[in-house]
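> could you look at this predicted model? Sequence included:
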Amino acid sequence: MSGSVTKRNHSRFRVVLDSDQLAAIRIIIIGVGLIMGGALGIATGVAPSVPIVAGTDQAVPGFSLDREIELYVQAGFTPMEAIQAATLVPARAMGMEKDSGTIEVGKRADVILVDGNPLENISDIRKVSTVFAAGRKYEPAALWTSVGFKP
């Protein structure tokens with residue numbers, strides 16, 4: 001394994017993993033969820049009792065987060081549960097649910113519009129047509145170009 005561990009201060013360590021190791025850990029976590037089934041509620045139709053928070057340290061957060069959400073659905077989450085793992089659940093975990101995590105009057109309006117219905121086909125989350133962040137509208141192609149990718 002090419003990951004490394006470095007000491008940051010007297011009692012905290014920082015673990016550095018490469019992208020393959022990180023993907024393997026996520027797959028293991030999903031696998032454990034399937035094995036535990038009833039405990040997590042995955043593949044049983046019951047909401048998970050352990051909060052699963054989607055997130056990524058990848059260089060292209062939107063793309064890798066899309067894949068993570070797709071994997072949650074493959075593991076047994078409903079599309080709504082998978083989307084909430086990247087929206088409402090992290091907001092709750094960080095104590096920010098009054099400001100973000102759902103679309104409501106008075107909350108931050110960081111949202112994406114997609115061409116399709118991710119509740120019917122979770123991969124439709126990849127079909128982003130418009131991004132709204134910090135009160136501004138962005139076109140996806142311009143965002144991709146700004147980070148060095150060809151749309």
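Structure's in. What do you need? Keep in mind it's a predicted model, so treat the numbers as computed, not measured.
> quick one: the strands in the protein?
4-7, 13-16, 111-114, 128-133, 136-138 (DSSP state E).
> list of residues touching the longest one?
Spelled out, it's strand 128-133. With contact meaning C-beta atoms under 8 Å, 6 or more residues apart in numbering, strand 128-133 is reached by 62, 109-115, 137-140, 143. Where C-beta positions appear, they are placed from N, C-alpha and C, glycine not excepted.
> and those, which is closest to residue 76?
Closest approach to residue 76 among the contacts of strand 128-133 (C-beta to C-beta): residue 114, at 22.5 Å.
> give the bridge partners for the closest one, please.
Beta bridges link residue 114 to residue 128 when assigned by DSSP bridges.
> thought it was touching residue 122?
No: in this structure residue 114 lies outside contact range of residue 122 using C-beta atoms under 8 Å: 10.7 Å.
> which one's more surrounded, the two?
For residue 114 versus residue 122, the count of surrounding residues by other C-beta atoms under 10 Å is larger for residue 122: 23 against 14.
> please tell me how far residue 128 sits from residue 52.
Distance, residue 128 to residue 52, by C-beta to C-beta, to the nearest Å: 23 Å.
> so for those two, which residue has more residues nearby?
residue 52 (22 against 19).
> so what's the closest residue to the more buried one other than its chain neighbours up against?
Leaving aside its chain neighbours, residue 52 sits nearest to residue 85 (5.0 Å; criterion: C-beta to C-beta, 6 or more residues apart in numbering). By C-beta under 8 Å, 6+ apart, the residues touching residue 85 are 52, 53, 54, 69, 72, 77.
> for residue 70, same thing?
82, 122, 123, 125.
> model confidence score at the nearest residue to the first one once chain neighbours are set aside, please.
Of all residues beyond its chain neighbours, the one nearest residue 82 is residue 72 (4.0 Å), with distances taken as C-beta to C-beta, 6+ apart. Among the per-residue scores, residue 72 holds a pLDDT of 89.
> and residue 72, how many neighbours?
Quick note: residue 72 (other C-beta under 10 Å) scores 25 neighbours.
> can I assume it is in contact with residue 55?
No: using C-beta under 8 Å, residue 72 is not in contact with residue 55, being 11.9 Å away.
> ok so, going back, Throw the contacts of residue 70 into JSON lines and include pLDDT and distance to residue 90, thanks.
JSON lines is the format used below for the contacts of residue 70 (pLDDT from 0 to 100; distance: C-beta to C-beta, whole Å):
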{"residue": "82", "pLDDT": "92", "distance to residue 90": "13"}
{"residue": "122", "pLDDT": "95", "distance to residue 90": "18"}
{"residue": "123", "pLDDT": "95", "distance to residue 90": "21"}
{"residue": "125", "pLDDT": "92", "distance to residue 90": "16"}
